[in-house]
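Novice: Provided below are the primary sequence and the corresponding predicted coordinates.
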Amino acid sequence: MALSDDLKTEVAAIFKAAWTTRDGTVLPAPEDLKLSNDAVRLDGTVLYADLAESTRLVDGQKPEFAAEIYKTYLHCAAKIIRSAGGEITAYDGDRIMAVFLGSMKNTSAVKTALKINWARLFIVNPAIKAQYPNQDYQVGHSIGVDTSKLFIARTGIRGSNDLVWVGRAANYAAKLSGLDAGTPTWITGTVYDNMTAEVKVTDGKAMWQERTWTTMNKMRIFCSTWHWPV
């Protein structure tokens, strides 16, 4: 069978097949789902952390230095996510995606974002200056957080497949992580409304500024420059 015929057959089968879906309370592993139309639904909060201006980094610095920036930033982000009970679901170049579940998922995800910002400011950037005193590069980043129902399916082909996360939170968190790194943590109004006061106010001072996401139907979002010590 020609490749084009095989593709036509498989695409038609995917569109025609009925879905088998079930509600979940834990993140599935790829092997928990079939490659056919099989999915798990759950409520989750998604965090996307993304290095800022990574194109300028790789264009203007030696590859070894750029790789060290990727490695140190993602190492800190991954360790902080795991320590807060989040599950890392993907690495994508200079980005990391994680999902938080449970009744405190929004507070946990936001606190994680603020801790990653702390690690950037007080661990990664000082380490760059200590190792490379003549280097003026400093890490910038943006982190997006949103919460919604998620529809998780397995995609790809046999021998090369992974999970796909369908739902507003996965999409919006990724888009938020592309906003202005000058206020490096961005969350939706839904996350803000459902997180505890612990991550809203410190010593009587508001930690967040409300903004209007004009390109997303004037959605209510919040941004912050605050950090949380690890």
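Specialist: Here it is on my side, so go on.
Novice: which helix is the longest one in the protein?
Specialist: helix 63-83 (DSSP state H).
Novice: Following the chain onward from that one, which element is next?
Specialist: strand 87-92 (DSSP states H and E).
Novice: Toward the C-terminus from that next one, list the very next helix or strand.
Specialist: strand 95-100.
Novice: elements contacting whichever helix or strand comes after that following strand?
Specialist: Once the chain leaves strand 95-100, the next helix or strand it forms, by DSSP H and E, is helix 105-119. Counting contacts by 3 or more Cβ pairs under 8 Å, 6 or more residues apart in numbering; DSSP states H and E, helix 105-119 packs against strand 38-51, helix 63-83, strand 95-100, strand 141-157, strand 185-188, helix 189-193. Backbone N, C-alpha and C define where each C-beta goes, glycine included.
Novice: do that again at 6 Å, thanks
Specialist: In terms of contacts (3 or more Cβ pairs under 6 Å, 6 or more residues apart in numbering; DSSP states H and E), helix 105-119 is packed against strand 38-51, helix 63-83, strand 141-157.
Novice: Output these as CSV; include the columns mean pLDDT and distance to Asp32.
Specialist: Formatted as CSV, the helices and strands packed on helix 105-119 follow (pLDDT from 0 to 100; distance: least, Cβ to Cβ, whole Å):
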stretch, mean pLDDT, distance to Asp32
strand 38-51, 97, 7
helix 63-83, 96, 20
strand 141-157, 96, 8
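Novice: And for Asp50, the neighbour number?
Specialist: The number of residues packed around Asp50, counting by other Cβ atoms under 10 Å, is 26.
Novice: hang on, it packs against Gly93?
Specialist: No. Using Cβ atoms under 6 Å, Asp50 makes no contact with Gly93, being 9.0 Å away.
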